[in-house]
Each structure stands twice: as structure tokens, then as C-alpha cells.
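Peer 1: Provide a 3D model corresponding to the input given below.
(one chain, ligands or ions: 1)
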Amino acid sequence: MMLKSKVAVIYGAGGAIGGAVARAFAREGAKLFLTGHRRAPVEAIAKDIVAGGGSAEAAEVNALDEPAVDKHLQSVMDQAGRVDISFNAVGIPDTKIVGVPLVELNVEQFSLPITAYATSYFLTARLAARRMVANKSRRQICAQYASQTPQ
Ligand SMILES: NC(=O)c1ccc[n+]([C@@H]2O[C@H](COP(=O)([O-])OP(=O)(O)OC[C@H]3O[C@@H](n4cnc5c(N)ncnc54)[C@H](OP(=O)(O)O)[C@@H]3O)[C@@H](O)[C@H]2O)c1
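Peer 2: This next block holds a predicted model:
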């Protein structure tokens, strides 16, 4: 169990990648705090993990909302005493962008994924890093950066 006793926070845990990572982390023994835009899909994954003997809690957190991310991380600290891993798997809805011909794309549509992903990665990494530095878990910050590799 590579992650036994590690505390992991996952953003976008109700999505395909977030859910798969949550299940993999659970199999490795991590204590999970799963978050997402909407609570229901995140809760379904948390229930599944708990039914399989793992540890997972679900919360509704908008990963673009700095006070909401900060408040949630503080609640994790209050409950678990530490944060070791922050994994951002949010997928910004692109229904208004995909398929739009370049000649018709406006600046707002062009900028949305760039600003939204960069902002969310920055916020979740920095706010987790502040807690990680305190408990000397800086190594895991790299996992967050790895999840930001452009497609
Ligand atoms: N699937 C692939 O093959 C693949 C490969 C490489 C990289 N990626 C990248 O990995 C990321 C996730 O992909 P995916 O396939 O798992 O996408 P997905 O199934 O659409 O899941 C994205 C999740 O992000 C959540 N979300 C969206 N905005 C959010 C916000 N502001 N705060 C919190 N949660 C938010 C969504 O919640 P709601 O549904 O509640 O809105 C959804 O649960 C994307 O950036 C994608 O580009 C995907």
C-alpha cells in the first residue's frame, strides 16, 4: 500500500479521470477527500470506495473559487491534521468551444480553457502547498504539477 495513511484531496473527483484516480488512491490506502462541482457524482464514488473498505468523504467545491478551496482544505486539516496529495482533475465544460471554426472563435471562447485551467491549478496547488510546507509533504506537490501536463 503505497499511500497508506496519506491524506489526498481530489478536485473534479466526479469525472472520469478524477473518479479513476480516487479508486486507485483508495486501493493504495489513502484517506480521501473528494470534491467536485456537483456533490452527487462525487458522493457516489465516495460511497463506492467506503463500501469497498476505503476511506472517502465527499464535498461540493468549485475549484475556481479560492475561498471555497481554502475553506475545504482547512476542514481537511481540522479532520485529518495534514494534506499530502493534491490532485486536480477538473474538466472545464467546452461545449461552447469545441467544433467552433477558428474564423468564428471569439477571444472569450479562446481564453476560457487557458485561464480556467491555469487558475484552478494555481489555486489548488498553492493553497495545498501552504499546508504541505507545514507538515513537510512538499514532495507530493509534484503530483499536482504532473497532473497539469498539457494534452
Ligand atoms: N479523458 C481523457 O482521456 C483525458 C486525457 C488527458 C487529460 N484529460 C484532462 O483531464 C481533465 C479531466 O478529464 P475527464 O475526462 O475526467 O473530464 P470529465 O469526466 O468531464 O470530468 C471533469 C470533472 O470536473 C468537474 N468540474 C468542472 N468544473 C469544475 C470546477 N470549477 N470545480 C470543480 N469541479 C469541476 C466536473 O464536475 P461537474 O460534472 O459537476 O461539472 C467533472 O466531474 C480535463 O482537463 C481533461 O482535459 C483527459
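
Peer 1: Just read off the phi/psi values of P113.
Peer 2: phi -60, psi -30 (degrees, to the nearest 10).

Peer 1: Would you map the strands across this protein?
Peer 2: For the chain, the strands defined by DSSP state E occupy 7-11, 31-36, 55-60, 85-88.

Peer 1: From the ligand, how far off is R131?
Peer 2: When distance is defined by Cβ to the nearest ligand atom, to the nearest Å, R131 is 19 Å away from the ligand. The way it works is simple: take the backbone N, C-alpha and C, and place the C-beta from them, glycine included.

Peer 1: Could you find the closest non-adjacent residue to the one residue in the chain that gets nearest to the ligand?
Peer 2: Nearest residue of the chain to the ligand (Cβ to the nearest ligand atom) works out as G15 at 1.9 Å. Nearest residue to G15, sequence neighbours excluded (Cβ to Cβ, 6 or more residues apart in numbering): G91, at 5.4 Å.

Peer 1: As a check, name the ranges of all helices in this protein.
Peer 2: Listed in chain order, the helices found in the chain under DSSP state H are 16-27, 39-51, 66-80, 107-135, 141-146.

Peer 1: Can you tell me which of those is packed in deepest?
Peer 2: Sort those by mean neighbour count, taking mean count of other Cβ atoms under 10 Å, and helix 16-27 sits at the top with a mean of 19.

Peer 1: Averaged pLDDT, that one. What do you get?
Peer 2: For helix 16-27, the per-residue pLDDT values average out at 96.

Peer 1: Between strand 55-60 and it, find me the angle.
Peer 2: Here the directions of helix 16-27 and strand 55-60 differ by 150 degrees (axes from the mean of the first three to the mean of the last three Cα atoms, to 10 degrees).

Peer 1: Write out the residues of the protein neighbouring the ligand.
Peer 2: Listed as neighbours of the ligand in the chain under the rule Cβ under 6 Å from any ligand atom: 11-12, 14-18, 36-38, 41, 62-64, 89-92, 151.
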